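**Q** got a structure for you, letters missing:
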């Protein structure tokens with residue numbers, strides 16, 4: 001397993017990511033877009049999720065593909081970013097066709113960043129415009145850290161952020177991850193700067209600290225946020241041909257990566273969620289073995305993406321937490 005050329009989710013050919021942020025608001029939105037609708041599944045393990053259209057992603061539901069996925073700050077207000085994306089896609093002629101009408105399918109998930117010091121005293125919800133701006137910015141290259149939906153993210157100790165990573169398997173299949181890290185839990189061990197995700201780091205991509213120093217055996221962080229104020233939301237993607245049932249299983253396996261990189265994860269305070277998508281470009285080399293390999297790769301890649309998001313966070317005036325780079 002090795003990183004793709006960008007070490008981003010867009011190493012899965014045909015996918016693009018766009019970010020939009022509002023520094024005064026200390027929040028933003030991120031969009032994943034495909035060249036064509038893509039199959040999608042979802043797994044939710046947090047106790048306080050905020051979502052849109054996730055019921056459509058169950059294997060027994062009608063819609064076979066989605067046009068875009070949205071990750072956003074703003075708590076329940078941030079779900080309106082999906083409206084901006086839907087409007088933009090409709091203008092592009094994208095969407096599920098019903099007679100002469102096209103309806104863009106845009107599931108989304110949000111994190112709570114309303115108490116991060118930004119100006120939240122708006123008259124009109126700013127998130128539809130952020131969603132549409134993120135859609136317009138979609139491309140193969142995009143910034144990590146304090147960008148997009150990770151603009152105002154925080155964790156137990158460090159400033160959070162937007163992370164991404166990729167992996168290319170020996171058979172040529174690519175797996176990528178995109179994540180907003182706004183967790184109740186800690187991404188580093190005890191009082192150290194050592195990432196919990198260190199065992200899965202490739203090529204010094206988040207500091208190259210390796211496995212130096214003993215990991216505390218009984219790390220028990222006290223909650224730094226209240227109910228509903230935390231959440232890590234993620235997307236894992238692959239070019240392997242998987243249907244909605246296979247992608248639901250891939251999203252479930254990827255949750256292991258969240259648990260490896262954030263301690264604790266999946267708490268009643270978090271809305272932890274993973275979408276899984278497939279462009280369907282490559283057939284499974286081994287239908288019996290490849291799904292096992294993909295699940296392992298998705299978990300490893302998501303753990304790396306989480307650490308990269310915190311590692312890439314940048315300081316801005318008014319921050320309530322330090323950046324890992326300055327710790």
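**A** Okay, I see it. These numbers come from a predicted model, not from an experiment.
**Q** following the helix or strand that contains residue 129, which helix or strand comes up?
**A** In this structure, residue 129 sits in helix 127-136 according to DSSP states H and E. Counting by DSSP H and E, the next helix or strand C-terminal to helix 127-136 is strand 161-168.
**Q** Tell me which other helices or strands the next helix or strand after that following strand touches.
**A** As assigned by DSSP H and E, the chain's next helix or strand after strand 161-168 is strand 174-182. With contacts defined as 3 or more C-beta pairs under 8 Å, 6 or more residues apart in numbering; DSSP states H and E, the packing partners of strand 174-182 are strand 27-44, strand 161-168, strand 231-240, helix 290-311. Where C-beta positions appear, they are placed from N, C-alpha and C, glycine not excepted.
**Q** for the record, mean pLDDT for the shortest one?
**A** Over the span of strand 161-168, the pLDDT mean works out to 98.
**Q** Check the third one too.
**A** The pLDDT scores in strand 231-240 average 96.
**Q** Can you check what angle separates that strand from helix 290-311?
**A** Interaxial angle of strand 231-240 relative to helix 290-311 (axes from the mean of the first three to the mean of the last three C-alpha atoms, to 10 degrees): 140 degrees.
**Q** Following element in sequence after strand 231-240, please.
**A** helix 244-261.
**Q** Please point out which parts of that following helix sit buried.
**A** 244, 246-261 (16 or more other C-beta atoms under 10 Å).
**Q** pLDDT score for the closest residue to residue 264 other than its chain neighbours?
**A** Counting by C-beta to C-beta, 6 or more residues apart in numbering, the nearest residue to residue 264 once its immediate chain neighbours are dropped is residue 185, at 4.7 Å. Looking at residue 185, its pLDDT is 92.
**Q** cool, residue 245 as well?
**A** At residue 245, pLDDT is 95.
**Q** how much space between the nearest residue to it once chain neighbours are set aside and residue 297?
**A** Closest residue to residue 245 apart from its sequence neighbours, by C-beta to C-beta, 6+ apart: residue 59 at 4.2 Å. Distance of residue 59 to residue 297, given as C-beta to C-beta, to the nearest Å: 22 Å.
**Q** cool, and residue 267?
**A** From residue 267 to residue 297 the distance is 26 Å (C-beta to C-beta).
**Q** So these two - more neighbours on which side?
**A** Per other C-beta atoms under 10 Å, whichever of residue 267 and residue 297 has more neighbours is residue 297, with 27 against 21.
**Q** so who does the more buried one touch?
**A** 1, 167, 169, 175 (C-beta atoms under 8 Å, 6 or more residues apart in numbering).
**Q** That concludes my questions; thank you for your assistance.
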